[in-house]
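Q: I'd like to go over a predicted model; first the sequence, then the structure.
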2 protein chains.
Amino acid sequence: MDFTSFLTSLATSFIIFVVLVLVFTWLSRKHSNDVIYYPNRILKGLDAWEGRRTRNPFAWIGEALRSTEEDIISMAGVDTAVYFVFLSSVLAILLLSGIILLPVLLPVSVTDNTDKPKSESNSNGTFTNLDKLAMGNITEKSPRLWAFLFATYWVSFVAFFILWKAYKHCSKLRASALAEPNLKPEQFSVLVRDIPSVPHGQTRKEQVDSYFKELHPETFYKSMVITDNRKVNKIWEELEGYRKKLARAAAVFEASKTIEKPDGTKPTTRTGSLGLLGRKVDTIDYCNEKIKELGRKLDAEQKITIKERQLDSALVFFNRKTAAASASQSIHAQNVDTWTVMEAPEPRQLIWSNLSIKFYERQIRKYVIYVIVFLAVVFYMIPIAFISAFTTLDNLKKLLPFLKPIVEKDAVKTVLEAYLPQIALIVFLALLPMFLMFLSKTEGIVSESHAVRAASGKYFYFIVFNVFLGVTVGGTLFSSLKTIEKNPNQIVPMLGSNLPKNATFFLTYVALRFFVGYGLELSRLVPLIIYHLRKKFMCKTEDEVREAWAPGDLGFATRVPNDMLIITIVLCYSVIAPMIIPFGVIYFGLGWLVLRNQALKVYVPSYESYGRMWPHMHTRILAALVLYQLTMIGYFTAKKFYYTPFLVPLPILSLFFAYVCNKHFYLGFRFTPLEVACKSSKEIPNMESVFQAYVPPSLSMDKFEDADQFEDAQSQTS
Amino acid sequence: MDFTSFLTSLATSFIIFVVLVLVFTWLSRKHSNDVIYYPNRILKGLDAWEGRRTRNPFAWIGEALRSTEEDIISMAGVDTAVYFVFLSSVLAILLLSGIILLPVLLPVSVTDNTDKPKSESNSNGTFTNLDKLAMGNITEKSPRLWAFLFATYWVSFVAFFILWKAYKHCSKLRASALAEPNLKPEQFSVLVRDIPSVPHGQTRKEQVDSYFKELHPETFYKSMVITDNRKVNKIWEELEGYRKKLARAAAVFEASKTIEKPDGTKPTTRTGSLGLLGRKVDTIDYCNEKIKELGRKLDAEQKITIKERQLDSALVFFNRKTAAASASQSIHAQNVDTWTVMEAPEPRQLIWSNLSIKFYERQIRKYVIYVIVFLAVVFYMIPIAFISAFTTLDNLKKLLPFLKPIVEKDAVKTVLEAYLPQIALIVFLALLPMFLMFLSKTEGIVSESHAVRAASGKYFYFIVFNVFLGVTVGGTLFSSLKTIEKNPNQIVPMLGSNLPKNATFFLTYVALRFFVGYGLELSRLVPLIIYHLRKKFMCKTEDEVREAWAPGDLGFATRVPNDMLIITIVLCYSVIAPMIIPFGVIYFGLGWLVLRNQALKVYVPSYESYGRMWPHMHTRILAALVLYQLTMIGYFTAKKFYYTPFLVPLPILSLFFAYVCNKHFYLGFRFTPLEVACKSSKEIPNMESVFQAYVPPSLSMDKFEDADQFEDAQSQTS
C-alpha cells in the first residue's frame, strides 16, 4: 500500500465519520427517534429532552465530558464504570507514551540518511514519507537505536504505573459498590452444587436445610432446591406466546374499528402449524381458550417440577452478608467434590440450566472446550492467511482476471486497495462471537457475566493469533513457512522483522475502526432502521414496540477483545512506528466520548458483576505488553543491535508486575472480602424478597407469590 | 558387578541383620536399657515390662502384627498412622504386582534363547543368571514383549486402585481425628499476618480486636499480638541454663556427702567465659544470685516486649471450631495482601520467629529458595557422577595404585566391590537433610510440620535426580554427554537403555537399606551407646538423664524421601527386572514391622498435623509412577517394539488420576472442612486454656499465669 492510498483511506474514513455524526445530530433531534437515542434515560424514567431544543448540535460532547463516574455508576452500573477506567487508562498510557516518543523518535528516524541501502526500504520498493518516520529507517547497529531502546522501557513503565493506579481504582469502585446499603439478593445467597444423594427418609430440601442449619446455626435462613425447569419453562413460554398473541389480536381488532365499520373485523387465525394450516378460528377466543388450558397445565407442571424434578444443587440464603461471604469461601465437606459452594450470581444472570452439571462433568466440559477453542484458533489461521494473501489487488487480478477492467479504474483501485483486506477481516470476525458465547455457556458456567468474560477471553486469543499474528506472520507465511519448520525458535525474530512492513495496514485498520466503527455506534443507523421497519410493519401493541427499541447492553464480550486488539497493535508498533500512537489516542479518546454518550443515554446493562471484568482486562493488557516487549527484542535483533539483551529484563518485569497485582488485588475480585461485606448496614433485610428474587418466572405465578405455599410444595417431596 | 559379588553382598547384609536382631533381643531384655527400647511407653506412663520375662525373644513381632490402627493413633498420633497407611499401600502395590509379574515375566524371559546376539548381554560382557531373568534377555521386536507391555499396565492399575483406597482411608483418619472432642487449641485459633500499620490513637491489640469483633461479632474471643521475642528468649534461656547448673551443682554436692565426709564438698565454678577463667566462686550461691538477677531482668524485658515489640501478626481465638475454620478460609480485606489469615498451627510446632515475615518477603524468599534448591540439585549431580564413576575397584586401582595390594585380596575385594558405591552414596546423602531443613525454615514457613514436608519434598528431588538419574544416566554420563548435547530429546530413550545395566546395583542398594538400615533401626545401637556414655560421664540430675534418652520422633523429613527413592527404584525396575519386586516387598514389609515396634515403643511424635503428610506422599508416589511409565516407553523404544505407542495413554492416565484425587480430597487436607469442624462436641471449652497454650514459655512465667495480667500488659501498649 503506498502513501496515496493510505491518505485516501484516511480521508474516506474521516468523511464517513463526519457524515455519520451529522446524521446523528439531525436524527437525534427528532422526537420520534428518542427511543433509539435515549432509551436508557426513558427506561430510568428521566426526561429524554431535557433542554435539548436550545442547545447546539454538539452538546452531547459537553455532556459526556462533564459526566462524573457517579453518573455512570448510577446510569449504567459499576461494570460500565470499570470499562471507562479501562478506556481512560489505555488513553493515559498512550498519551504519556506519545508525549515522549513522538518528539524524540520521529526526528531521530527522519534524520538518519547515512548510506541507506536500497533494500532497507519498504516491501513495495518505493520509499514513502511514512516509512521515513519509522524505526525501519534507522541503519543497522546505529547508536541511534539507543533512543528506541529507552523508548521501549518508557512505554513499559508508563503502562505499569497507569495499570497499578487503575487496578487500585477499580478495586475501590468494587468495594464501595458492594458495600452500598441497597439490597442485593446475591450478597445473601450461596450457590451449593454437587449435593450427595438424598439419605433415606429425607427430602432433598430437608437434607440441605439440616446440613446448613448445623454448620451455620445462627445465620442460615432458608434454601431453594434447584429444579429441572425445562418442561415448565416450555409451557410457560407457550403461555406467554398466547398472551402476546391475544394482546396483538386485541390491538388489531381495536385498530380495525374505523368510523365506517365501528364493529371492526375480528382477527382470525388457523390452528395448525405456523398459523398457515388447519381450521380458521377467531384469534381472541382461541387465545383465551388456550391460555386457560395452558394455565391449568402450568399449575400441574409446577407442582410436579417442585416435587419431583429436584436436582443436586441449591441456593442457600443467609440473613447476614458476612455469613454468606464467609460460607461461600469455605470448604464444607470432607470430600471436596461434594457440597461445593460459591457466591451466588445475581438472579437475572443465573444460567439456571447449568446449575446442576456435575463436578467432574464441569471439569471435562471445560477442558474439551479448551481443546475446541485451541483447534479453532489454529485452524482459523488458515483462511485468514489466505485472506491476507489474496486480498491484494495484484492477487485479485491474477486470480480473477475478469475483474481487471473494473479494478484498473483509478478511483475504484484506490478505494479497494485501501479497504479490501480490512473489510474481509471485519466480516470474518463478525461470525465468531456467537460461536464463542455458545462454547462458553456449554462449559457449564453459571452466570451470564462469567460467560461473557470467558467468551471475551476466547475472542481475544482468536483476534491476537489470527488477526495480529496472522496478518504479520501470515502475510509472508508462504515464503517463511520453511524457515519456521526448520527452526521454530525463529518466530520471535520473524515477528520482529515482519511487523514494520505491515505498519500501514494496521494504521488503516485502526482508522477504519474508530471513524467508521464509532460513527456507526454514535449514529445507531442500523438499530434505527430496524426499529422503524418493525414499528411500521410488525408492531401492534405497546409491548411489541418496546421490544423493537430495546437497546441491549454494551456487549462487552465482543467490545473488549476488539479494544484489546487495538491495544496490542498500537503497543507493538508504538516504538517501531510511533506514528501509530496518535491513531491509538484517537481510537480510545473518541471511543471514550462516544461510548460515554451511549452509556449515559442508550445502553441498559443486563447484569452487574461489580467490576469483575477488570482483572480480565488487566491481564490481557499485560499480555499485549509482553507481546510488545518480545516483538521489540525480535526487531532489535533483526537490527543487529549489540545491546538488545538489555531488553530481556522487561518481559520478566512484566510477569513480576502481573504477579504482584494478582496477589495484591485479585482475590478481592474473585470473592467478596468479609471487610467489604460487613461495611453496609447491618439490619436484616426483608429476607422473603431475597428468596423471591431467585424464584424463576415460570415457577412464580400469582399463586406462588405466597412463598409459604412454594415452600410447602417443596417440602412435600417424597 | 558379577553374580558372586551380588550374592556375597546379599549374604553379608543378611548376616549383619541377623546379628543386629540378636543384639536387640539380648539388649532389650536388660532393665537398664528400658529407656532406650521403651521410651514412648515410659513417657506415656505405661509399664515397659508388661509380661516381658515370660515371652519369647521374638514376641515384639507378634505385638507389632497384632497392634491396630487405633493403638498407633493413641500411642504415636495420626501422622504416624498415615505413615503406616503409606507403608502398607506400597507393600500392597508391590505384592499385587509381584503375584502377576513374577510367575508370568520370569518364565517368559528365561525361555527366550532364540538367536541371542552377544552384544545384548550385560555391560561386563559376562552373561549371568540374574540378567537372564530380566527383560534385557528378550530379543528385539519379539512378540514376547506383549507380556511386558501388559505387565506395565497391570502395575499402573494396581497402583491407582491402592492409592485411591489409601487416600480415602487417610481422609477418614484425618476427619475423625479432627472431629474428636478432646481440646485442640489450634482448632479455635486463626493466624493473621500482614496487619496494616496501626491507625492513630489505637494500639495494635485494639486494632486487631476491633477488626475481628466487627467481622465476627458472635464468635470472636480474643487476640494475641505476636511480639519480637528474641531478647526475652535470650534472657530466658540464660536463666534456664543457670537453673540447670544449680540443679547439677546441688546433685554433685549431694553426691559428695560420703560417710567419711558428711558435709560434702561444695562445687565451685569460675565466673569468666566457659567457666575456665575468672574468680572461683561457690556454684550454688553464684547460680542463685544469677537466677535472681536474671529473674528481675526477665520481668522487665517481658513488659518491654509485650508493650513495645509488637509485630504485624496476631493469633485470633474464636469460641467455636466452625467459626475459626470458616474465618481461616475467608478473604478478610479488600487488599488481599493485608490481613491474610490461615489456620493456626499447633502451639508446639509454631515457628514463632517466622510469623512476622512480610507478605512479599515470604514470596521472594520462597522463590529464592527454589532457585537455590534447583541449583543444588543440578550441581550435586557432578560429585555424584564422579562418585559412581570412581567407586569401581578398577578405577580405584588405577587412581590410587598404592591400594592395589590390599584390594587384590579376595575377601576384601568382594566386600569392597559390593559395598563401595553404596556406602559412598549413603554417606553423601546423610549430609543433606540439615541443609534442606534450614532452607525450608528460611522460606518463612510458620509450622514445624509444614517445614518437614517442604524439606522432605526437596530431599525427594535430590534423591531422584541425583541418586536415581545420577547413577543410571550418570554411570554412562561421560560417554553419553555428547549424545545429550546433540539431541536433548534422547533423555527418555537413554534412561530406558541405561536402566537395565544398573539393575544389580540397585538390588544391592535396596538390600543394604533394609537389612542394615532396619537392623540398626531396631537395635538402636547408636542411641544406646550415646545414652550410656552420657549417663556415665556427664549426667548428674534426673533431668539430664531424661534428656540423654529422649527418643525423638520418627524423622519424616528424611525417612519419607528415602522410602520414596526405594519406591521409585522398585517401580522403575518392576517390569524390566521383576526380581526387584521381592526386594521391595521385604523392604516395606520389614520396614512396617520394625517401625511398628518403634512407633509403639520408642519414638515420641513432636507434632501432630492430622495426616497432612499424605497428599505429599501420594503426589510423589504418582511422580514415581509417571517416571516408571516414561522409562518403560523409553525401554520399549530401545527394544524396537512396534506397539510402544500403546503405552502413551498411561502417563496421561496417571496425570488424570492425580487430578481427580486432588480435586476429590486435597482441599480437605489443606483446610478443615466446616462439616468436620462441626462434628465434635459443641460445648464452648475453657477458652483461657486455649489462649494460654499459645503463650510462649519465655513470656509465661509464674506471674503471667494470671492471664488477665498478660492481657492488661498487652493492652497498655501505647
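A: Arrived safely, thanks for sending. Numbering: from 1, shown residues only, chains lettered A, B, ... in the order given.
Q: Wait, A:Ser326 touches B:Ser326, no?
A: Yes - A:Ser326 is within contact range of B:Ser326, at 5.0 Å (criterion: C-beta atoms under 8 Å). In this view, the C-beta of every residue, glycine as well, is placed from N, C-alpha and C.
Q: residues in contact with A:Ser109?
A: By C-beta atoms under 8 Å, 6 or more residues apart in numbering or on different chains, the contact list for A:Ser109 reads A:Lys132, A:Leu133, A:Ala134, A:Met135, A:Asn137, A:Ile138.
Q: Show the buried residues in the residues you listed.
A: A:Lys132, A:Leu133, A:Ala134, A:Met135, A:Asn137, A:Ile138 (16 or more other C-beta atoms under 10 Å in any protein chain shown).
Q: How much space separates the fifth one from A:Val108?
A: Relative to A:Val108, A:Asn137 is positioned 9 Å away (criterion: C-beta to C-beta, to the nearest Å).
Q: what's the average pLDDT for the lengthiest helix in chain A?
A: Ranked by residue count and defined by DSSP state H, the top helix of chain A is helix A:69-110. Average pLDDT, helix A:69-110: 91.
Q: And for stretch A:614-623?
A: 94.
Q: May I see the buried residues of it?
A: A:Trp614, A:Pro615, A:His616, A:Met617, A:His618, A:Thr619, A:Arg620, A:Ile621, A:Leu622, A:Ala623.
Q: ok, stretch A:341-358 near chain B or not?
A: No - using C-beta under 8 Å from any C-beta of the partner chain, we find that stretch A:341-358 stays clear of chain B, coming within 9.5 Å at best.
Q: got it, and stretch A:326-336?
A: Yes - using C-beta under 8 Å from any C-beta, we find that stretch A:326-336 touches chain B at A:Ser326, A:Ala327, A:Gln329, A:Ser330, A:Ile331, A:His332, A:Ala333, A:Gln334, A:Asn335, A:Val336.
Q: quick one: contacts for the second one?
A: Residues touching A:Ala327, when contacts are defined by C-beta under 8 Å, 6+ apart, comprise A:Val190, A:Leu215, A:His216, A:Thr219, A:Val316, A:Phe318, A:Val341, B:Ser326.
Q: any idea how far the helix or strand where it lies is from the chain center?
A: If you go by DSSP states H and E, A:Ala327 is part of helix A:321-328. Relative to its chain's centre, helix A:321-328 lies at 29 Å (C-alpha atoms, centre = their mean, to the nearest Å).
Q: Quick check: mean pLDDT of that helix?
A: 89.
Q: Mind checking what helix or strand follows it in sequence?
A: Next along from helix A:321-328, by DSSP H and E: strand A:340-343.
Q: in that next one, what's buried?
A: For strand A:340-343, by 16+ other C-beta under 10 Å, it's A:Thr340, A:Val341, A:Glu343.
Q: any idea how far chain B is from the first one?
A: Right, A:Thr340. Plainly put, A:Thr340 is 10 Å away from chain B if you go by C-beta to the nearest C-beta, to the nearest Å.
Q: Between the two ends of stretch A:132-147, how far is it?
A: 16 Å (C-alpha to C-alpha, to the nearest Å).
Q: Please compute how far that stretch lies from its chain's middle.
A: 39 Å.
Q: Check stretch A:183-191 too.
A: 24 Å.
Q: where's the strand or helix carrying A:Tyr635 relative to the chain centroid, distance-wise?
A: Element membership for A:Tyr635, per DSSP H and E: helix A:613-638. Here helix A:613-638 shows a centroid-to-chain-centroid distance of 21 Å under the convention C-alpha atoms, centre = their mean.
Q: what angle separates that helix from helix A:69-110?
A: With axes from the mean of the first three to the mean of the last three C-alpha atoms, to 10 degrees defining the directions, helix A:613-638 sits at 0 degrees from helix A:69-110.
Q: Show me what the next helix or strand after helix A:613-638 is packed against.
A: Counting by DSSP H and E, the next helix or strand C-terminal to helix A:613-638 is helix A:649-661. The contact analysis (3 or more C-beta pairs under 8 Å, 6 or more residues apart in numbering or on different chains; DSSP states H and E) places helix A:649-661 against helix A:145-178, helix A:613-638.
Q: So which elements touch whichever helix or strand comes after helix A:649-661?
A: Per DSSP H and E, the first helix or strand lying C-terminal to helix A:649-661 is helix A:667-670. The elements that helix A:667-670 packs onto, with contact taken as 3+ C-beta pairs under 8 Å, 6+ apart, are helix A:145-178.
Q: Which helix or strand lies directly C-terminal to the helix it packs on?
A: Next in sequence after helix A:145-178, counting helices and strands by DSSP H and E, comes strand A:189-193.
Q: Tally up the residues packed near A:Glu206, please.
A: 16 (other C-beta atoms under 10 Å in any protein chain shown).
Q: Secondary structure element holding it?
A: Taking DSSP H and E as the definition, one finds A:Glu206 inside helix A:204-215.
Q: from the chain's centre, how far out does that helix sit?
A: 39 Å.
Q: export it as PDB, just CAs?
A: Extracted C-alpha coordinates of helix A:204-215, given in PDB (Å, rounded to 0.1, in the frame of the first residue of the first chain):
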ATOM      1  CA  ARG A 204     -33.700 -33.000  49.300                       C
ATOM      2  CA  LYS A 205     -34.800 -29.900  51.000                       C
ATOM      3  CA  GLU A 206     -34.600 -31.400  54.400                       C
ATOM      4  CA  GLN A 207     -31.200 -32.600  53.600                       C
ATOM      5  CA  VAL A 208     -29.900 -29.200  52.500                       C
ATOM      6  CA  ASP A 209     -31.700 -27.400  55.400                       C
ATOM      7  CA  SER A 210     -30.400 -29.700  58.100                       C
ATOM      8  CA  TYR A 211     -26.800 -29.600  56.700                       C
ATOM      9  CA  PHE A 212     -26.600 -25.900  56.600                       C
ATOM     10  CA  LYS A 213     -28.500 -25.300  59.800                       C
ATOM     11  CA  GLU A 214     -25.900 -27.400  61.600                       C
ATOM     12  CA  LEU A 215     -23.000 -25.600  60.100                       C
END
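Q: May I see the buried residues of it?
A: Buried-residue list, helix A:204-215, by 16+ other C-beta under 10 Å: A:Arg204, A:Lys205, A:Glu206, A:Gln207, A:Val208, A:Asp209, A:Tyr211, A:Phe212, A:Leu215.
Q: any chance of these in CSV, with pLDDT too?
A: Shown next, in CSV, are the buried residues of helix A:204-215 (pLDDT from 0 to 100):
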residue, pLDDT
A:Arg204, 88
A:Lys205, 88
A:Glu206, 89
A:Gln207, 91
A:Val208, 92
A:Asp209, 91
A:Tyr211, 91
A:Phe212, 92
A:Leu215, 88
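Q: Considering only these, which also neighbour chain B?
A: Counting by C-beta under 8 Å from any C-beta, the members of the buried residues of helix A:204-215 near chain B are A:Leu215.
Q: List just the nearest of the buried residues of helix A:204-215 to chain B.
A: Nearest to chain B out of these is A:Leu215 (C-beta to the nearest C-beta; 4.8 Å).
Q: Spit out the contact partners of the spatially closest residue to that closest one that is not a sequence neighbour.
A: The shortest distance from A:Leu215 to any non-neighbouring residue, by C-beta to C-beta, 6 or more residues apart in numbering or on different chains, is to B:Leu674 (4.8 Å). Contact analysis of B:Leu674 by C-beta under 8 Å, 6+ apart lists A:Leu215, A:Ser330, A:Ile331, A:His332, B:Thr322, B:Ala325, B:Ser326.
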